[in-house]
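**Student:** got a structure for you, letters missing:
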């Protein structure tokens with residue numbers, strides 16, 4: 001099931017998983033980084049593209065920078 005036409009929510013909000021009481025109809029990817037600057041976001045691109053290929057609705061994944 002898609003929520004408003006979206007399959008995945010990508011966020012820097014590390015508290016989001018603790019704020020949700022129900023299973024989400026979308027997958028969630030939490031980007032763990034010291035800031036959310038464009039330069040930092042770009043560094044997540046390769047890992048994010050890999051993760052997006054196999055995500056399923058309701059799944060939660062945390063990505064960190066190497």
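**Tutor:** Arrived safely, thanks for sending. These figures come from a predicted structure and were not determined experimentally.
**Student:** which is the next helix or strand following the element among helices and strands of the chain having the smallest mean pLDDT?
**Tutor:** In the chain, no helix or strand scores lower on mean pLDDT, DSSP states H and E than helix 16-19, which sits at a mean of 74. Per DSSP states H and E, the first helix or strand lying C-terminal to helix 16-19 is strand 27-32.
**Student:** other residues contacting that following strand?
**Tutor:** 7-14, 16-17, 41, 44, 48, 51-52, 55-65 (Cβ atoms under 8 Å, 6 or more residues apart in numbering). Glycine gets a C-beta too; all of them are placed from N, C-alpha and C.
**Student:** also stretch 41-50?
**Tutor:** Where contact means Cβ under 8 Å, 6+ apart, the residues beyond stretch 41-50 that reach it are 10, 29, 31, 33, 63, 65.
**Student:** just list whatever residues bridge to the residue sitting nearest the centre point of the chain.
**Tutor:** Closest residue to the average C-alpha location of the chain: residue 29 at 1.3 Å, with Cα atoms, centre = their mean. Partner residues in beta bridges with residue 29, using DSSP bridges, are residue 10, residue 61.
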